[in-house]
Structure formats: structure tokens, C-alpha cells
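Q: show me how the following folds:
(chains A and B)
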Amino acid sequence: MDQQPITLLSLGFFENHFLQDIGAVVNHEFFFPVNIKEAHLDLIEFYDAARKQYNGNRLLKEVDAFDSPESLRIIGLFSVDLFVPILTYIFGQAYMGGRSGIVSVYRLSNERYGMKPDNAILLDRFKKEVVHELGHTFGLLHCHAPTCVMRSSTYVEDIDQKDHSFCAECRANLKLD
Amino acid sequence: MAKKISILVVDDEESVRDSLNNWFTEDGFRVECAENAKVALALLESDNFNIILADIKMPGMDGLEMLRRIKALKKDSIVIVMTAFATVNTAVMALKEGAFDYVTKPFDPDDLSHLIRNATKQISLSEENEILKTKVVSLENVEDLIGNSTAMKKVLKEVEGVAPTNSSVIITGESGTGKELIARAIHANSPRKFYPLVSVHCGALTESILESELFGHEKGAFTGAMFNRKGRFEMADSGTIFLDEIATISTKMQIELLRVLETKSFMRVGGNKEITSDFRVICATNRDLKGMVEKGMFREDLYYRLNVVNIHVPPLRERIEDIPLLVDYFICKYCTSMNRSLITIDPTALQRMAEYPFPGNIRELENMIERAIVVGNGKKITLKDLPFTKEIVDNSIESLDDFEKAFILQILNKYSWNISRTAKALKVDRVTLYNKIKKYNLKPSE
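A: Sure thing, here's the model as predicted:
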């Protein structure tokens, strides 16, 4: 029987090779086939004019409701600035042990922090955040191991310190259905 | 995460509760949410939460009022208040009411992580503190109070009974029986254990010095009083004062002591300000205080004020079955302090100890063991290491003549009844020795 795929749902404007690279890492870490899809969403509905950001909670619900019964997991990929009501921003979020997650590339780029653009670093950070949120959907909590991909990151510098992969303990705890 | 910390989120906005719930769950915390203060207080009554994150602006009871009620319910709770309407006043008020910290919504993810990290650090410090306190208390409990005899068990039971109360205690017993240790055990097992136990050896101080020691003095109160000084009663505030050798204090001091015990207030020597202090009194004496009262040497009213509970510590000769335990304890204590490997004691030496009346009680036994470890061969304490050789253990000796008879007989036996050698050892002439043998009717033993 064919394995159900993990779907990477592009809701921003990402170049194909960018998505393929992320898909390769996801496949390497979770051993499931990866399905890359593009979709369109009217983001204005999720825009908070007062905060000039997009509501991450509502976007996560929207991705979760996306009609894709064949998918084992869905990660929505965005290029807009995400927030949740209590926090000033988020890189991404997911339903713990659930089906869906979201990640945005918006705050991962060097130029947001006054540094020279670097696409390689940007892609590297994006891959780690996608694997991280997928890890939550497979039941993993934040990890204290310094290089584990499940380590909590509140700044981009924190993301740079970790790997794309799980530490031994997280890998053992990964609840692959 | 080694231990699952629990967090209660209290906010009327569902989206805030959900976001925080997700955030903390991902971090491995146990999270519960409440939509208002009433629900939160009900949850707190049935469950324990390490950290409470509460909004200030809520319909019904606001966060500050809830904070007050939480603090009344559980004093050590860590409450972090959050609001979208930050003003310095609300922050100050929240902190004054006992909030751990204060944050303004929405917060930076890193600020939230820091806040929770600080709170968990505080929790582990408090827990460590509790563990250390328990360890300190258990050390106090076991320290030096050795004994398995019926007499000692009775004393320990009395200590256990009186310790949690606030009653005054008189500890009686011969010198060296460990009265101060009993006082320390009472204090260590009382609710005052985290406050000082202040000891005063009344017998070692003159009346004027004792007065200054107990009540303190103001600068210039007498020649040499260059600075203000706190007295022992003041130092013992919330704790216990131990007055050793209470029977030795003068009549004047007895009157002053009675007044302090009744009012728990006093003035420093040379001072005019009334000082109050909440202390418990434990006294000790090796004298017959009741007899002194009958002879008019000790005030009856003070006696009854002090003698609410009397604990009598038996002399060592009345609990000889404790000697082996005590010997082992002192061997261990002194070998450790002298950095030597543990040694044993010869059964003959132990037997001899059991026969000895120990007029100096445990203090004498302790000194005996310390000396034996110093002079001994470092492997085993034998009879020759103990100071028994020149001591006559015949309990029938009651007069100088008895002593002379026993001593001459001992030396005669030592020199196998050789009269010349014995006379030389005793530094008397042979005729004198013969006369003494005749007088005491001494004969060589079979």
C-alpha cells in the first residue's frame, strides 16, 4: 500500500527549486513521500490592520481545513508576517499531534535585520522551521539539546545554531503513524 | 524537562488562552486555562499550579483582586500579570500585591521565554531551599542525641511532646548529661526552628555582665559601653533562649527575669525605650531548684513560671546500656575530626567502662574516648589507653582509711608482697609498712 504523503502547501510565491529543496529535507527526516502543492488564498481576510500582520491562528485553521484527504500532514508555507494575539510575531505554529502547521519565510531573511541578503541562509532557516513544525504535528515537544531541530527558537540567530535533524531522543519519540 | 511544571492561564479572550496554551504545551508544560477569575480560583482550590499567568482587565473580578485572593490561598504562588493597558501604576500595584512579574500584551516570544525561565528558576530555588531546610533540621535532630535505653527513650518522648508547644521548659540533670543538647533538640523540632537558639551560660557571668548580656545596653550606659548592643532576649526574637545554670543567678536578676518572662518586654541597660521580643525560654540546672525554693534561695514565682515542663536527663550510670552506642559515636566523631581511619574498642575496655560510675557523665566519656584515640595505637582502644589504672573502683571506699588500705594492698600486690620494694614505692620505711599491714589486717590474696 502506498504511504500517505506530507503535503507542502505553497501559499506564498516560492520558486520551485526552493520548494523541492524543502521537500527533500522533509522526506529525509520523516521518510514519507512529499507532495508539493500550490494554492491561492485571499490573505486580506486574515490581515489585522492594527498590527499590520496576518493572524496565524486563523491561517492555521484554514490550512487544517484544506481539502486534501490523501495527505498525512499539511504544512502551509507563507511569505507574510504572522502573529498570534498574545505574541508580537511567530515564525510558524502547528497543532500538537495534529494534522497541520504553518511556517512563514517573512522573518527569516537577513534583510529584515539589516544584513546582506543570503538565499542559502534563508532556505536553510526555512527548512529547519518546516521540519520543526512538522515535528510538533508528530507529537514532539521543544527540546533542550543545542543542535536539535526541535529546540525552541525565538530569534533567527537561534535557528542558525541548530541542525535540520532530530537529536537521538527526539527521533526515538517521533510518533510516525 | 525533568519535572512537569504546571501553568494556569487566566484570560477572558479565547484567542489569548489558545495561543498561550499552544505555546506552553510545545514547551512541555502542563497547561490549564480559565476564562475568568472565578473559574481560576475554583481550579486553584482543586489543583496545584506552579505558575499563574493572569490578565488584569477581565469582566467581573479583575486580575489584581484575583492576585490578592491567590496570595491569600497560596502564599508562594508565582503569579505573572499581563495586560494590554500598561501603566506604571498598575505594574507597581501588581508587584506590591506580590506578583512575580508584569508583562504588556502582546509580548515578544523571547520575553515570554525569559519570563517563564525566570519563574521556573524561582520554583526550583524554592524547592531546593525546602530540601536544604529539611536536611538541616534532620541534622539537628540526630546530632549527638544518642541513646537506646528506656531512660533515654523516655526523655526523647518528652522532647517530642513539648517541642511543638510554646511552653517554658526546665531541663535538670547532673553536669555533663547533655542538657544543652536536649534544649537544641526541643528548639530544632519546634515551629521556631528557623529562628535563632540563643544560649546564655548564666553561671559564667557576673550579675552586671549578665544583665547587659540579656537585655543589651545603650552606648555610654557604663564605662566601656562604646556602642549600642543588642541583648540575648532581643536576639532570640521569634526563636528560643536557653538559660544554662539558671540556679546561679542573683535575686535581683531573678526579679528582672520574672518581669521579662511575664511581659516579653524590657529595656536595654541605660536605655529608655521598651523593646518587645517573642521568645521561648528553656532553662537548665544541675541543682535541686525545688529545694532552693524551699530554702528561699530561688524565687517561687519564677520557679513556677519556668517550670511548666520539667525534663530530667538521667546520669550515664543509670543508662549503661547506652555506653557502647556512645563509644561508637565518639570514636567515629573524633577519628573523623582527626582524619584517622575508624578504630574499634576492646571488649575488656568496654566492660570496664560499664562498671565505672562516670561522675562527669557523657562529657567524661567523650573526653576519655578522645584521649584514648590520641594516645592509643591507632587500631584498637584497649584498657591501657583508658585512664583507669590509678583509679580505685571499689565502691566500698568511704573514708581515708578505706582508701589507704586499698591503695597499700594494691601496691603490695603489684610488688608481689615484697616489703622492701613496696615500702620504697610508697616512700615509707619498712616498719611503717608493717604497722599499716597490721592495722588494716592485710593479707596476700590466694
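Q: residues of stretch B:107-114 that come out buried?
A: The neighbour-count check on stretch B:107-114 (16 or more other C-beta atoms under 10 Å in any protein chain shown) flags B:107, B:109, B:112-113 as buried. C-beta coordinates here come from the backbone N, C-alpha and C atoms, glycine included.
Q: report the mean per-residue pLDDT for the helix or strand hosting residue B:128.
A: For residue B:128, the enclosing helix or strand under DSSP states H and E is helix B:109-142. Summarised as a single mean, pLDDT over helix B:109-142 is 76.
Q: report all helices and strands that it contacts.
A: strand A:87-90, helix B:14-26, strand B:51-55, strand B:78-83, strand B:101-104, helix B:179-188 (3 or more C-beta pairs under 8 Å, 6 or more residues apart in numbering or on different chains; DSSP states H and E).
Q: one more time with 6 Å, if that's ok
A: Packed against helix B:109-142 by the contact rule (3 or more C-beta pairs under 6 Å, 6 or more residues apart in numbering or on different chains; DSSP states H and E) you find no helix or strand.
Q: quick check: angle from it to strand B:51-55?
A: 140 degrees (axes from the mean of the first three to the mean of the last three C-alpha atoms, to 10 degrees).
Q: most widely separated two among the buried residues of stretch B:107-114?
A: B:107 and B:113 (9.9 Å; C-beta to C-beta).
Q: stretch A:58-72 near chain B at all?
A: No - if you take C-beta under 6 Å from any C-beta of the partner chain as the test, stretch A:58-72 misses chain B, and the best it gets is 9.1 Å.
Q: tell me how far that stretch is from the chain's mean position?
A: 14 Å (C-alpha atoms, centre = their mean, to the nearest Å).
Q: and the residue most central in space within chain B, how far is that from chain A?
A: By C-alpha atoms, centre = their mean, chain B has its centre lying nearest to residue B:184, at 3.0 Å. Applying C-beta to the nearest C-beta, to the nearest Å, the value for residue B:184 to chain A is 44 Å.
Q: pLDDT at that residue, what is it?
A: The predicted local confidence for residue B:184 is 88.
Q: chain A: helices as residue ranges?
A: A:16-30, A:56-64, A:119-137, A:156-161, A:168-173 (DSSP state H).
Q: wait, which of those helices is closest to residue B:70?
A: Relative to residue B:70, the nearest member of these by C-beta to C-beta is helix A:56-64, separated by 28.2 Å.
Q: now that closest one: mean pLDDT?
A: 94.
Q: which bits of chain B sit near chain A?
A: Neighbours of chain A within chain B, by C-beta under 6 Å from any C-beta: B:15-16, B:19-20, B:25-28, B:106, B:108-110, B:113.
Q: is it possible to get JSON lines of the residues you listed that adds distance to residue B:213?
A: Output for those, formatted as JSON lines (distance: C-beta to C-beta, whole Å):
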{"residue": "B:15", "distance to residue B:213": "67"}
{"residue": "B:16", "distance to residue B:213": "61"}
{"residue": "B:19", "distance to residue B:213": "63"}
{"residue": "B:20", "distance to residue B:213": "59"}
{"residue": "B:25", "distance to residue B:213": "61"}
{"residue": "B:26", "distance to residue B:213": "62"}
{"residue": "B:27", "distance to residue B:213": "57"}
{"residue": "B:28", "distance to residue B:213": "57"}
{"residue": "B:106", "distance to residue B:213": "62"}
{"residue": "B:108", "distance to residue B:213": "58"}
{"residue": "B:109", "distance to residue B:213": "60"}
{"residue": "B:110", "distance to residue B:213": "57"}
{"residue": "B:113", "distance to residue B:213": "55"}
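Q: residues contacting stretch A:70-80, please?
A: Stretch A:70-80 is contacted by residues A:4, A:6-12, A:54, A:63, A:66, A:99-106, A:130, A:137 when judged by C-beta atoms under 6 Å, 6 or more residues apart in numbering or on different chains.
Q: ditto for stretch B:234-254
A: Stretch B:234-254 is contacted by residues B:183, B:187, B:192, B:195-203, B:207, B:216, B:232, B:275, B:277-285, B:287, B:289, B:299, B:302 when judged by C-beta under 6 Å, 6+ apart.
Q: and residue A:160, what's its pLDDT?
A: 92.
Q: run a quick neighbour tally on it.
A: 12 (other C-beta atoms under 10 Å in any protein chain shown).
Q: element containing whichever residue of the stretch 301-446 of chain B sits closest to chain A, please.
A: Closest contact between the stretch 301-446 of chain B and chain A, by C-beta to the nearest C-beta, is at residue B:336 (40.3 Å). Assigned by DSSP H and E, residue B:336 belongs to helix B:323-337.
Q: off-centre distance for the helix or strand that comes right after that helix?
A: Sequence-wise, the next helix or strand downstream of helix B:323-337 (DSSP H and E) is strand B:344-345. Counting by C-alpha atoms, centre = their mean, strand B:344-345 is centred 30 Å from the centre of its parent chain.
Q: show me what strand B:344-345 pairs with in its sheet, parallel or antiparallel.
A: strand B:380-381 (parallel) (DSSP bridges).
Q: what's next to the strand it pairs with, contact-wise?
A: Against strand B:380-381 from outside (C-beta under 6 Å, 6+ apart): B:343-346, B:349, B:372.
Q: most neighbours among the residues you listed, which one is it?
A: residue B:372 (24 neighbours).
Q: backbone phi and psi for the residue nearest to it when sequence neighbours are not counted, please?
A: Spatial nearest neighbour of residue B:372, excluding adjacent residues (C-beta to C-beta, 6 or more residues apart in numbering or on different chains): residue B:385 at 4.0 Å. The phi and psi torsions at residue B:385 (degrees, to the nearest 10) take the values phi -80, psi -10.
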